[in-house]
Each structure stands twice: as C-alpha cells, then as structure tokens.
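# 3D model of this:
(chains A, B, C and D)
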There are 2 protein chains.
Amino acid sequence: MRDALVAAAFRLFLERGYEQTTVDDIVALAGVGRRSFFRYFPSKEDVVFPDHERCLADMTAFLASGADDDEPVRRVCDAARLVLRMYAENPAFSVQRYRLTKRVPGLRAYELSVVWRYERALAEYLRGRFAGRRDGILRADVIAAAVVAAHNNALRSWLRSDGRDDAEAAVDHALGHVQAAFGAAPAPPAGEGPEDVVVVVARRGAPLWRVVQELESVRGRG
Amino acid sequence: MRDALVAAAFRLFLERGYEQTTVDDIVALAGVGRRSFFRYFPSKEDVVFPDHERCLADMTAFLASGADDDEPVRRVCDAARLVLRMYAENPAFSVQRYRLTKRVPGLRAYELSVVWRYERALAEYLRGRFAGRRDGILRADVIAAAVVAAHNNALRSWLRSDGRDDAEAAVDHALGHVQAAFGAAPAPPAGEGPEDVVVVVARRGAPLWRVVQELESVRGRG
DNA sequence: CTGGGCACGGAACTGAGTGCTGTCGTGAGC
DNA sequence: GCTCACGACAGCACTCAGTTCCGTGCCCAG
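I've put the predicted structure just below:
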C-alpha cells in the first residue's frame, strides 16, 4: 500500500508536476481512499521522501551503538556515509527525486528539515564526545555542519551525473577535506591505544612552527 | 500596516500560540481585511520573520560590493555578523521570536529555509572567490556551512541568555574557530586535499625534538 | 454466533492561500 | 470642477491540504 502510493505519486509528479497533482489524484490512481494516504504519510511532502525516517533511525542507532573507541570525526563521517548508501541503493529513484526537489520550492524546504535532523543527530553525538572540552558544543555544531555540507556536495554532484559517477569515492574525497580540517586521522595501528600516542594532522604547506605549537598544546593536554 | 499586522500577530501568537491563531484572528485584531494580510506577507510564517528579506538583501549587497582584496573567509564572517546585528537591533523581539520558533515545528522549518538562503549567499560568494582552485566548490560549501553553524551557535546562546550576554563577543569567538580551521592557515600553493596532509603518530613520552625530526623528514619526502 | 480490535473508506469540517470583483481615495490631465 | 486612471483595500468564492468523526468489512478469540 505504501509502495503503491509512492509509485502512483511519482508517476503523477513526473508527468504533470508536484503542485499540479492533488492528493485526490494520487489516491484515485492508487485506488485507495483519501484517508489512507494520510495514514501512511503525515503530509503530501512525505511521500517524496519515503525512506528518510528509517535512515535517520539507522543513523542514530549507528551512533548510539558502537563503543566510543575511535575518533569522533571519523565516526560521524561514517554515519554520513549511511545516508549516501541509502541514496545509492535506488539511483534511478534518487535522481528523479533530486530533479523534483530542485524545481519545487516546497520540497526544497521539506528536504532542509530532513537534512537538519541528520545534522542534529551528528551534532548531538559530537556534543557527547566533546563534553567537558572547552567550546565542545561549538566545535560539535561546526563539525556536524561541515560534514553534512561535504556529504551533500558529493551527493549532489553524484545526482547531477545521473548516478553514473562513483558516489562512494566522491563522498570519501569530500569528507577527507573535513577530516583534514578538523583533525581526524587514520586509525592508530593495532596494539597502540589512544592513550599513549599523539596523532597530529598537518597541512603540508603549513609552517613548521605552527605544527609544533599544535603538537605541544596536545601534549600539554595529555 | 505591516507593523500593525506584525504587532497583532505576535500579541496573539504569544497569548494563545501560533497554530491556535488563524489569519482571520490577526486581521480582525489589526482591523484590516484578510486579503491585505497576504498582500504584505506571502504566508502566515512570513509575519514571524518580517525583516529577513531585507537582511538577506543587505548581505548579498555587502558581498557583491567590496573589492575582493581581503581574505575570503574573513569576508563571509563579516557578512554573517550583519545577521547578528539585525537580531541585536531588537533584542526583546528576537527573544520572543526565538521562543516561538523553538516550540513550533512549522516555524522551525521555515527558519531553516531562511538560514539556507543566507548560507547559499555565502557559498556563492566563496565559490566565486575560489573559482579555478581545485575543490573550490566543495571548500566554499563547507566553509559557508561552518560559518553559518558557528554564527547560529553564538546567536542561540545569546538568545537563550534573553539578550543579556554580549552578542558581538560571542559571535567573534565562534567565528574565530572557523577562521582558525579554514582561514588562518595560509592556503597551500597547489590546492589541497587528503593527499596534501601529513599525519604524524608519536608516543606521548617521546622527546619533542625527536618528533620534530621525524616531522621534517616526512615533509622532506613529500 | 458474537464481540472486539483493526485497517480502510468516505463525508464533513477547518484553515491557508488565491482569484476576482467592487469600492474608495488620490492625483494627473483637460 | 470634472473625469479618468491607478493603486490600496475589503469581501466573497474557490481550491486544496490536513483533521475529525463515523461507518464498514475483516479476522480472530471466546
């Protein structure tokens, strides 16, 4: 029933536009009652994003599950990859939806609220990991926003390629920038815990004194 | 007339809630016709954010005006400060609105679309400044998102203090983090990416000179 | 056979947003 | 001074999203 409604809705959205399609049109094509539509989708916009609710639950579960043994920024990057994979599962559907949301302002606004919930989930996780650190909340919010922006950048360029590009590679590249900017690093070699090693990430062009300065501040905190 | 509608709307919103107030209630209190409301505000949500349209225009004008002689990240930070100043002009109004948007999901969604337009303005400016650079678009989007997140973080903590804290100082502090992450370090000569990053892993007890030695050798190999 | 959940259908309602029409100033042109 | 055009406003009627309420068929335990 859900799938039938989504299929009917997209057929009509694509052939005559989102705003030109009424809920009555959709339920007539799907052969169900009008009331049933709103039983499955709280609003007309929701039928365009039928899988985000589940994906959001997956992300929060992923963040809540694992032990906090690895680097926080890498972990939220991995969480963001879940969203990309959800899109990549149905490339044709995702591309159609992308073209739809790009043209309809109401759908863009709705998508923003969905993205905002992902960003909040990432930020809440990082706030927990950064608890007690100075400016931990600020840092958490900024990193979450950067991760989401990088992810969306890669996602959109993949969608614009009609799903032909390598989505995973694009998002890896984009998230690599964020990790580079905010101090993520590859996992330490097995056997060495995070307690006795210091990981420093520096840009190749940065002046050496700046790297040393950063190094000393980290050692001081240790 | 605009002001009368805004005043009437906020009186009713505060005393009986946003969703419990109909447009008919507002125009009845303001003593105008229902049709006039929609002449001044395209939707019921717009009456809650009566000054953002102007502020957005100010921001784009600010970004379009100046010569591109100073550092791009600092410039978008200055643009973000315009928004904060707009809020700080009417602290009481801003705090009331904050409490309203926090409670009403529909207003939160609308606010997101407003914030998104600010972010797009910043990102478009940065895209222009980074044109030709490798990953310029990605970098522009990420920095714009980080600036907006930092700004909103400071803004919200100021709003939660009922406008008592120093808003300018808070936003300076927050944007300072972003500039430190993206703007302070001079850009490397030939673009940057994960391949331009050096990762050093050192034992916490190791003498500093040894770490620096290792660092330099890595840089040399690069 | 019966009674209670349960999913669905459908009618009626509320309220946002739009289109159209009429009305009242107001100012320019003769 | 009269008129005509124009713009701001009021009011009405309409569409459509979303909700409430109720009726109906269905399955399953007693």
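# Can you check the pLDDT for the residue nearest the centre of chain A?
Central residue of chain A (Cα atoms, centre = their mean): residue A:80, 4.1 Å from the mean position. Residue A:80 is assigned a predicted lDDT (pLDDT) of 97.
# And for residue A:66?
Note on residue A:66: pLDDT of 76.
# give me every residue that touches it.
residue A:75 (Cβ atoms under 8 Å, 6 or more residues apart in numbering or on different chains). Where C-beta positions appear, they are placed from N, C-alpha and C, glycine not excepted.
# redo that, cut-off 10 Å
Counting by Cβ atoms under 10 Å, 6 or more residues apart in numbering or on different chains, residue A:66 touches A:75, A:78, A:79.
# cool, and residue A:19?
A:13, A:44, A:103, A:104, A:105, A:106, A:107.
# Quick check: the fourth one vs DNA strand D, distance?
Between residue A:104 and DNA strand D the distance is 12 Å, computed by Cβ to the nearest atom of the strand, to the nearest Å.
# pLDDT below threshold where in chain A?
For chain A, the stretches with pLDDT under 70 are A:184-222.
# Which positions in it make contact with DNA strand D?
By Cβ under 7 Å from any atom of the strand, the residues of chain A that approach DNA strand D are A:21, A:22, A:23, A:24, A:34, A:35, A:38, A:42, A:43, A:44, A:45.
# Now the last one: closest residue in space that isn't a chain neighbour?
Excluding the flanking residues, the one nearest residue A:45 by Cβ to Cβ, 6 or more residues apart in numbering or on different chains is residue A:110, at 4.1 Å.
# Could I get the contacting residues of that neighbour?
Residue A:110 touches A:43, A:44, A:45, A:46, A:48, A:49, A:52, A:101, A:104, B:109, B:112, B:113, counting by Cβ under 10 Å, 6+ apart.
# The third one and residue A:112 touch, don't they?
This means residue A:45. No: the pair residue A:45 / residue A:112 is not scored as a contact, 11.2 Å apart, by Cβ atoms under 10 Å.
# Common neighbours of these two, please.
Residues touching both residue A:45 and residue A:112 by Cβ under 10 Å, 6+ apart: residue A:101.
# Which strands or helices does the one helix or strand residue A:13 maps to pack on?
Per DSSP states H and E: residue A:13 is located in helix A:2-16. Applying 3 or more Cβ pairs under 10 Å, 6 or more residues apart in numbering or on different chains; DSSP states H and E, we find helix A:2-16 packed against helix A:23-30, helix A:34-40, helix A:91-103.
# Put the alpha carbons of the first one into PDB.
What follows is helix A:23-30, C-alpha atoms only, in PDB (Å, rounded to 0.1, in the frame of the first residue of the first chain):
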ATOM      1  CA  VAL A  23      -3.800  14.100  -3.100                       C
ATOM      2  CA  ASP A  24      -7.100  13.100  -4.600                       C
ATOM      3  CA  ASP A  25      -5.400  12.400  -7.900                       C
ATOM      4  CA  ILE A  26      -2.900  10.200  -6.200                       C
ATOM      5  CA  VAL A  27      -5.400   8.100  -4.200                       C
ATOM      6  CA  ALA A  28      -7.600   7.800  -7.300                       C
ATOM      7  CA  LEU A  29      -4.700   6.400  -9.300                       C
ATOM      8  CA  ALA A  30      -3.700   4.100  -6.500                       C
END
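# now it and helix A:2-16, what's the angle there?
Angle of helix A:23-30 versus helix A:2-16, following axes from the mean of the first three to the mean of the last three Cα atoms, to 10 degrees, is 120 degrees.
# Please apply the same query to the last one.
Inter-element angle recorded for helix A:91-103 and helix A:2-16: 50 degrees (by the same axes, to 10 degrees).
# The very next helix or strand once past helix A:91-103 and DNA strand C in contact?
The helix or strand immediately downstream of helix A:91-103 is helix A:105-129, counting by DSSP H and E. No: on the criterion Cβ under 7 Å from any atom of the strand, helix A:105-129 is out of touch with DNA strand C, staying 9.9 Å away.
# Thanks a lot, catch you later.
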